[in-house]
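Engineer: give the three-dimensional model of this entry:
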Amino acid sequence: MNNDPSIIDNLADLEQFLLAVEKGGFGLQNAAGVAMATSNVDGRRFVAVLDDKHQLLLSRWVTEEVFQTGQDLVRKGVRKH
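Structural biologist: Numbering: from 1, shown residues only. Okay, here's the model as predicted:
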């Protein structure tokens, strides 16, 4: 399910991931949204990039802390400084 063995363990890395998705840095076709989710298999948390049919395009594991504290960042988007 997860496309990368690295785990996002801080909000700065989550922000970088979200900006890369937004700017097309992963070369994804038809990316329509980003969501936080929980794996049904083992309960691990991840951030998911979805297409317009809610199909998974890309994901990264996140720590429980990032899952809890990064939900607004995913929901509202990265604010430009």
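Engineer: and the helices in this protein?
Structural biologist: Assigned by DSSP state H, the chain shows helices spanning 11-22, 64-69, 71-76.
Engineer: out of the ones you listed, which is closest to Phe46?
Structural biologist: Closest approach to Phe46 among the helices of the chain is made by helix 64-69 (8.3 Å; C-beta to C-beta). C-beta: built from backbone N, CA, C; applies to glycine.
Engineer: buried residues, that closest one. List them.
Structural biologist: Neighbour-count burial for helix 64-69 flags 66-67 (criterion: 16 or more other C-beta atoms under 10 Å).
Engineer: just to revisit the earlier point, turn the helices of the chain into JSON lines, including distance to Ala32 and mean pLDDT.
Structural biologist: Compiled in JSON lines, the helices of the chain are given as follows (distance: least, C-beta to C-beta, whole Å; pLDDT from 0 to 100):
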{"stretch": "helix 11-22", "distance to Ala32": "11", "mean pLDDT": "95"}
{"stretch": "helix 64-69", "distance to Ala32": "21", "mean pLDDT": "97"}
{"stretch": "helix 71-76", "distance to Ala32": "14", "mean pLDDT": "94"}
